[in-house]
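*Asks:* I'd like to go over a predicted model; first the sequence, then the structure.
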Amino acid sequence: MESLADPDLSMVERVSRRLSESRTYVDTQPRRAWVLAVQALRLLGRRDTPERITDEALVHETCEVVLRLAARFLVTRLPERITREEVLESARLALEEPAFATGSRAFDQLVNWMADTRKPPFALLGEASEYAQDSRSEWYRDAIRRIAPDLHQALERCAGDVETAAKLQDEVIEHWLRALHLNGHPEAEARRLRELAFETFLAARRLDEANQMLSSISPRDHVREARLHEASASYGAAARAYERTGRTADAVRNWRDALRWDEALRLSESDIERADLQWLIKLEELLRACPERLRSRLRAREQQHLRGMVRAALSVELEEGPHEEDPEDPLE
């Protein structure tokens with residue numbers, strides 16, 4: 001490695017040579033590549049000093065090489081005998097260059113998330129998607145591409161956690177997914193993550209949040225809408241939603257829970273179930289036609305006989321007073 005004080009080369013030539021050699025060694029000798037890049041950065045001189053190299057293109061190239069290596073090392077692993085503090089110090093020196101200063105917040109968020117990848121990646125993805133629009137952000141986009149699968153998995157974890165799932169409702173999710181450059185369509189993946197978040201809220205019985213998440217899924221998911229109605233005990237609404245999706249068995253179940261046996265009969269395809277429903281409808285009609293205060297006029301043996309018939313029909317034991325889960329006494 002040539003001396004920094006090589007008298008046969010101009011300062012610009014020294015910087016250019018180090019950058020060229022640094023690129024050569026990136027994959028085979030990353031430590032050497034880093035040392036050369038940092039030497040080039042320091043040879044630029046401090047801004048606003050007479051020694052400062054005035055070739056702006058070379059300055060930008062040097063900063064880009066240092067930042068690309070720094071970000072790469074942070075998201076993969078550090079070369080031997082290179083500390084994290086050294087990498088951060090040189091990267092932040094490069095970020096002082098006005099052309100790269102807009103990447104400071106994005107770089108800090110990358111550093112923070114890599115320190116604890118169990119945290120939600122929302123702040124990092126927010127900065128990454130914004131900084132990705134900058135024409136000089138290729139060094140950063142390269143690092144994000146390297147950890148894109150990890151960030152994607154982190155989003156899935158967030159969708160599966162009731163404490164973080166609500167963030168998936170935000171419209172910025174599509175922008176974040178574009179920043180990850182994943183295969184497939186960001187819109188379709190955003191929908192899948194929101195569906196996962198909906199399932200998280202529904203399983204936790206956090207129905208208001210499930211409903212809010214459902215409102216962010218477009219086009220409207222009628223099956224999940226039906227399931228949410230069912231979980232909310234809005235059985236009639238659930239049945240209608242299931243009908244719209246052609247899920248007849250689910251619709252019949254909910255019409256029955258809504259005690260709308262006529263609607264259930266309209267859809268049922270089972271002969272046994274249809275017979276049950278027809279009997280229930282007739283029984284309801286008969287009981288509604290019951291004379292007022294009939295019980296007070298029935299003989300004791302008549303009351304006993306009627307209870308026996310109900311027990312035989314329903315195969316349940318009826319006490320003198322109905323229990324919470326027992327059918328109501330038809331003689332009350």
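*Replies:* In hand now; what should we look at?

*Asks:* how near is Gln39 to Ala33?
*Replies:* 11 Å (CB to CB, to the nearest Å). C-betas here are computed from N, CA, C, even on glycine.

*Asks:* so His175 versus Gln153, what's the distance?
*Replies:* 19 Å.

*Asks:* who's more crowded, the two?
*Replies:* Taking neighbours as other CB atoms under 10 Å, His175 and Gln153 compare with His175 leading, 18 against 13.

*Asks:* quick one: the more buried one and Ser129 touch, right?
*Replies:* Yes: counting by CB atoms under 8 Å, His175 touches Ser129, with 4.4 Å between them.

*Asks:* OK, contacts around Glu269?
*Replies:* Applying CB atoms under 8 Å, 6 or more residues apart in numbering, we find Glu269 in contact with Thr248.

*Asks:* how near is it to Val252?
*Replies:* According to CB to CB, Glu269 stands 8 Å off from Val252.

*Asks:* what of Ala289?
*Replies:* Ala289 is 26 Å from Val252, where distance means CB to CB.

*Asks:* more neighbours: the two, which one.
*Replies:* Shown here are Ala289 and Val252; by other CB under 10 Å, Val252 has more neighbours (23 against 7).

*Asks:* in contact with that one, which residues?
*Replies:* Taking CB under 8 Å, 6+ apart as the test, what Val252 contacts is Ala239, Ala264, Leu267, Ser268, Glu273.

*Asks:* swap in His60?
*Replies:* By CB under 8 Å, 6+ apart, the residues touching His60 are Glu97, Ala99, Phe100, Arg136.

*Asks:* which two among these are spaced furthest apart?
*Replies:* Farthest pair in the contacts of His60 (CB to CB) is Glu97 and Arg136. Separation: 9.5 Å.

*Asks:* neighbour count winner among these two?
*Replies:* Each of Glu97 and Arg136 has its neighbours counted (other CB under 10 Å); Glu97 has more, 21 against 16.

*Asks:* need the phi and psi values for the more buried one.
*Replies:* The phi/psi pair for Glu97 (degrees, to the nearest 10) reads phi -60, psi 130.

*Asks:* quick one: pLDDT of it?
*Replies:* Predicted confidence (pLDDT) for Glu97: 94.

*Asks:* buried members of the contacts of Val252 into PyMOL, please.
*Replies:* Buried residues among the contacts of Val252 (16 or more other CB atoms under 10 Å), as a PyMOL selection:
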select buried, resi 239+264+267+268+273
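
*Asks:* low-confidence ranges in this structure?
*Replies:* Within the chain, the stretches with pLDDT under 70 are 1-7, 183, 316-332.

*Asks:* any idea how far the residue sitting furthest away from the middle of it lies from Ala313?
*Replies:* The outermost residue of the chain relative to its centre, with distances by CA atoms, centre = their mean, is Arg299 at 66.2 Å. Distance of Arg299 to Ala313, given as CB to CB: 21 Å.

*Asks:* Leu196 too?
*Replies:* Taken as CB to CB, the span from Leu196 to Ala313 is 46 Å.

*Asks:* same drill for the two, tell me which one is more crowded.
*Replies:* Between Leu196 and Ala313, counting by other CB under 10 Å, Leu196 is the more crowded of the two (17 against 11).

*Asks:* so what's the residue count around the closest residue to the more buried one other than its chain neighbours?
*Replies:* Sequence neighbours aside, Ala159 is the residue nearest to Leu196 in space, at 4.1 Å (criterion: CB to CB, 6 or more residues apart in numbering). By the criterion of other CB under 10 Å, Ala159 has 23 neighbours.

*Asks:* I'd assumed Thr200 was in contact with Ala159.
*Replies:* Yes: with contact defined as CB under 8 Å, Ala159 reaches Thr200; the gap is 6.4 Å.

*Asks:* what is in contact with those two at once?
*Replies:* Taking CB under 8 Å, 6+ apart as the contact rule, Ala159 and Thr200 both touch Ala165.

*Asks:* returning to what we had before: more crowded one of Gln39 and Ala33?
*Replies:* Ala33 (23 against 20).
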